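J.: Give me the fold of what follows.
(one chain, ligands or ions: 2)
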Amino acid sequence: MKSSAFLTLLAFGALVATPACKREKAASSGASTTENAVATYVAPGQKDEYYLFYSGGHSGQIFVAGIPSMRHITTIPVFAPYSGTGYGFDLETKKLLGDYTWGDVHHPGLSQTNGAYDGRWLFCNDNANNRVARISLSDFKTKEILGPIPNSSGNHGSSFITENTEYILVATRFSTPLPKGRYVELSEYEKEFSGMVSGIKVDPDSGKMSVGWQIKTPPIDFDLGSTGKGPSSGWAFWTSYNSEMAHDLMEVNASQADRDYAAFVNWRAAEKAVAEGKAEMLEGVPVIDPVKVPGVLYYVTIAKSPHGIDVDPSGRWICASGKLQPTTTVFDFQKVLAAIEAKNFDGEFRGVPVLKYDAIVEGEVPVGIGPLHTQFDGKGNGYTSLYIDSAVTKWKLPPWTDEEKKDLNKTVLDKIPVHYAIGHLVVGGSDTKNPYGKWLVAMNKMSKGRHISVGPSQPESSQLIDISGEKMKMVYETFTEPEPHFAQILKVDAIKPIEVYPKEENKDPNAVWDMKQAGVTRAGADDVQVKLIAVRSRFVPDKIEAKVGDTLTVHITNVEQTADMIHGFAISEHNLNVVMDPGETRTIQVKLTKPGIFPYYCTNFCSALHQEMQGYLSVKPADSAQ
Ligand code: RUQ
Ligand code: CUA
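T.: Ligands and ions are numbered 1, 2, ... in the order given. Sure, this is the predicted structure:
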């Protein structure tokens, strides 16, 4: 008896002990566990040093985490409704979403002034419905959604922000016949379909976006891009696949050629051409034909099925990676300018010159297998993600010594495994003139057992890598909301978000601040208007009467001016919830279709009497006397 109980205990003990032992073992390989733990530990009451804005892919959202803790601290709903903040439920945000309830966010981009983050806006793209959105960093809310962009399908190659946020540059992943809505047989793909590069103009004061101009291209599939600075100021770069211009069995047919095209776009020249009347209007947008307007577009060949193309902080080195070739190709933009000047071309592609590869390439760095994206630390190094190797390679940017040039293996400085199948990676400020360096976040496409099991859909994983030393150091791993693509890192002290909406800045004509102004008005035969105050811990009024057939409009003002005093407003069985921050007014509207008594209540915990913050919507039958 005694011994069997002892054995049971032992077995039980072993079971309990295993995960902890495993944990220690895993962590102790590499740098010291304690060191890593301390480096990422943000003690209770302390705060992170950086924001990580990461794309939520087909969730249609942007997620915000802190670095180094990697804690997910907020969700910014952009292209999808989010009842957590009432986004997509009130009239204003419903209008932002338009006809869509989802989007596919891939590449967030921070606004810049003089090649540095200015902390004003965050832009992001919707790959699915061809839109771009603008988020204000003063309140972390989506302010504007532009699109679907005319003449543009598959808005993957965006949002790439120019040095002074003159434009968000955007390119099409999918080509379609233009104008949109025109029916053409798929067999006519090569002849009848078009791709497009678009300059989305950003108003420097308000941030308001509009389509500035477009450049029409053959039906290749643009992939990733980036914008120039320094010597490449005024230029933008995209990779593409499908130089074969295939339209079916893409996996095979679009991987035939050894090389695909990158597009080098002189957006200042495009802007000038439009000003000089050299564009033709299509669907209200000036569209440039690059064959008729030489100088706006050049092609460059890159091996093979290229994906990322990234400009280093100096603006001189353009680094492109071909998924199916184990190198990252570095172009020297000074040589690009010289080649253009000398017309050093290697024929043309559909009437547009192709720059002579040998004349502009600096070298092909043997980074490893499946290279996708490159980021920079501002200290002369590139970091390239390797999808197939599941690793990140650190390598030295040019200028290279003669010895290095002879054997570019010598420029490869370090390689660190990630788990697993990394897509994007991000280094703070990599796309500015002065990156922060310090941290690199690897966004992995497959987690394969990195988390405790939650069923077949395994949670994604991101890893935090310390790049401050010579060797990269893996320090932390965390769950990432799906579906991670690109991200941006911003120093916390680069912005100063507001805490309340000041009462005097609330311009909503239906805002009410005084309980005497609040109330229910029948404005028309079937139009009931309510001006409602939300304040700890009551709604004024707490009774609304209406009848079936009425359209009920409720303007709710949270009159609090105290930080973090947030109220929600939900009506039972009416699919409605909005959340008002302090000083904010939001409007909901609903057609009343069923009689009864429907409680409304505050959804956001606000005080000890939050539970009592409730009222009743009484809906009389349609035929009742008013
Ligand atoms: S892409 S994994 Cu949508 Cu940004 Cu490269
Ligand atoms: Cu107001 Cu809870």
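J.: any idea which element Leu413 lies in?
T.: strand 412-417 (DSSP states H and E).
J.: same for that strand, what does it pack against?
T.: Applying 3 or more C-beta pairs under 8 Å, 6 or more residues apart in numbering; DSSP states H and E, we find strand 412-417 packed against strand 391-396. All C-beta spots, glycine's among them, are computed from the backbone N, C-alpha and C.
J.: So which elements touch the strand it packs on?
T.: Going by 3+ C-beta pairs under 8 Å, 6+ apart, strand 391-396 lies up against strand 381-386, strand 412-417, strand 422-427.
J.: And the strands in the stretch 251-400 of the chain, which stretches?
T.: 259-266, 280-282, 285-288, 297-303, 306-311, 317-322, 328-332, 345-349, 352-355, 361-365, 371-376, 381-386, 391-396 (DSSP state E, counting those that start in this stretch).
J.: Give the pairing partners of the first one; include direction for each.
T.: The strands beside strand 259-266 in its sheet (DSSP bridges) come out as strand 235-241 (antiparallel), strand 297-303 (antiparallel).
J.: try the last one
T.: Applying DSSP bridges to the sheet, strand 391-396 is found paired with strand 381-386 (antiparallel), strand 412-417 (antiparallel).
J.: Equivalent analysis for the shortest one, please.
T.: Partner strands for strand 280-282, per DSSP bridges, with pairing direction: strand 285-288 (antiparallel).
J.: Now the partner strand: average pLDDT?
T.: Computed over strand 285-288, the mean pLDDT rounds to 98.
J.: CSV please, covering the strands paired with strand 259-266 and showing mean neighbour count.
T.: Output for the strands paired with strand 259-266, formatted as CSV (neighbours: other C-beta atoms under 10 Å):
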stretch, mean neighbour count
strand 235-241, 27
strand 297-303, 24
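J.: Minimum distance to ligand 1, which residue of the stretch 501-626 of the chain gives it?
T.: Using C-beta to the nearest ligand atom, the single residue of the stretch 501-626 of the chain nearest to ligand 1 is Val579, 30.8 Å away.
J.: show me what contacts the nearest residue to that residue once chain neighbours are set aside?
T.: Using C-beta to C-beta, 6 or more residues apart in numbering and skipping residues adjacent in sequence, the residue nearest Val579 is Gly86, 4.0 Å away. By C-beta atoms under 8 Å, 6 or more residues apart in numbering, the residues touching Gly86 are 93, 568-569, 577-580, 586.
J.: now Gly86: how far from ligand 2?
T.: Distance of Gly86 to ligand 2, given as C-beta to the nearest ligand atom, to the nearest Å: 13 Å.
J.: Kindly report the same for Tyr501.
T.: Counting by C-beta to the nearest ligand atom, the separation of Tyr501 from ligand 2 is 16 Å.
J.: Chain neighbours aside, what residue packs nearest to that residue?
T.: Spatial nearest neighbour of Tyr501, excluding adjacent residues (C-beta to C-beta, 6+ apart): Gly583 at 3.4 Å.
J.: what does the chain have sitting close to ligand 1?
T.: Counting by C-beta under 6 Å from any ligand atom, the positions of the chain adjacent to ligand 1 are 106-107, 156, 224, 307, 372-373, 423-424, 485-486.
J.: Contacts only, for the closest residue in space to Gly147 that isn't next to it in sequence.
T.: Take Gly147 and drop its neighbours on the chain: the residue closest to it by C-beta to C-beta, 6+ apart is Arg131, 3.1 Å away. Neighbouring residues of Arg131 by C-beta under 8 Å, 6+ apart: 79, 100, 103, 125, 145-149, 155.
J.: and Glu283, how many residues sit next to it?
T.: When counting by other C-beta atoms under 10 Å, one arrives at 15 neighbours for Glu283.
J.: swap that for Lys343, sorry
T.: Counted with other C-beta under 10 Å, Lys343 comes out at 9.
J.: what sits against the closest residue to it other than its chain neighbours?
T.: Ranked by C-beta to C-beta, 6+ apart and with sequence neighbours excluded, the top spatial neighbour of Lys343 is Pro353, at 7.6 Å. By C-beta under 8 Å, 6+ apart, the residues touching Pro353 are 294, 298-299, 343, 345, 347.
J.: can those residues go into a markdown table with extra columns for distance to His451 and pLDDT?
T.: Below are the contacts of Pro353 laid out as a markdown table (distance: C-beta to C-beta, whole Å; pLDDT from 0 to 100):
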| residue | distance to His451 | pLDDT |
| --- | --- | --- |
| Pro294 | 54 | 97 |
| Tyr298 | 46 | 98 |
| Tyr299 | 43 | 97 |
| Lys343 | 56 | 98 |
| Phe345 | 52 | 98 |
| Gly347 | 51 | 96 |
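J.: Let me know the closest of those residues to ligand 1.
T.: Nearest to ligand 1 among the contacts of Pro353: Tyr299, at 20.9 Å, using C-beta to the nearest ligand atom.
J.: Could you report the neighbour count for Ser572?
T.: As a burial measure, Ser572 scores 14 neighbours (other C-beta under 10 Å).
J.: shouldn't it be in contact with Phe598?
T.: Yes: counting by C-beta atoms under 8 Å, Ser572 does reach Phe598; the two are 4.8 Å apart.
J.: List the neighbours of the helix or strand hosting Glu404 that are in contact with it.
T.: Using DSSP H and E, Glu404 maps to helix 402-406. The contact list for helix 402-406, computed with C-beta under 8 Å, 6+ apart, reads 363, 396, 410-411.
J.: now these in a markdown table, with pLDDT and neighbour count?
T.: A markdown table is the format used below for these (pLDDT from 0 to 100; neighbours: other C-beta atoms under 10 Å):
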| residue | pLDDT | neighbour count |
| --- | --- | --- |
| Gly363 | 97 | 18 |
| Lys396 | 98 | 18 |
| Lys410 | 98 | 14 |
| Thr411 | 98 | 22 |
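J.: ok, these vs Ile73, which is closest?
T.: Ile73 lies nearest to Lys396 out of these, by C-beta to C-beta, at 35.4 Å.
J.: Would you confirm that that closest one contacts Gly380?
T.: Yes: with contact defined as C-beta under 8 Å, Lys396 reaches Gly380; the gap is 6.3 Å.
J.: On the three-state scheme, Asn36 is what?
T.: helix (DSSP: H, G, I helix; E, B strand; the rest coil).
J.: hang on, isn't it packed against Leu464?
T.: No: assessed by C-beta under 8 Å, Asn36 is found out of contact with Leu464, at 9.2 Å.
J.: where does stretch 270-283 sit relative to the chain's centre, distance-wise?
T.: What separates the centre of stretch 270-283 from the centre of its chain is 29 Å, taken as C-alpha atoms, centre = their mean, to the nearest Å.
J.: For that stretch, give me every contacting residue.
T.: Applying C-beta under 8 Å, 6+ apart, the external contacts of stretch 270-283 come out as 150-151, 178-180, 199, 212-215, 286-289, 292-293, 296.
J.: near ligand 2, which residues of this structure?
T.: Neighbours of ligand 2 within the chain, by C-beta under 6 Å from any ligand atom: 537, 567, 602, 604-606, 610, 613.
J.: hmm, back to that, shared neighbours, Asn36 and Leu464?
T.: 474-476.
J.: ok, of those, which one's closest to Asp205?
T.: Closest to Asp205, out of all of the shared contacts of Asn36 and Leu464 and judged by C-beta to C-beta, is Tyr476, at 40.0 Å.
J.: Is the closest one in a helix, a strand, or coil?
T.: Counting by three-state DSSP, the backbone at Tyr476 sits in strand.
J.: Name whatever forms a beta bridge with it.
T.: Going by DSSP bridges, Tyr476 forms beta bridges with Leu464.
J.: What's the local residue count around it?
T.: 20.
J.: what about the strands in the stretch 451-600 of the chain?
T.: Along the stretch 451-600 of the chain, the segments classed as strands by DSSP E, counting those that start in this stretch run 460-466, 473-480, 487-491, 519-524, 527-535, 538-540, 543-547, 551-558, 567-571, 576-580, 585-591, 596-601.
J.: make that the stretch 1-150 of the chain, sorry
T.: 50-55, 61-67, 72-77, 109-113, 116-126, 131-136, 141-146.
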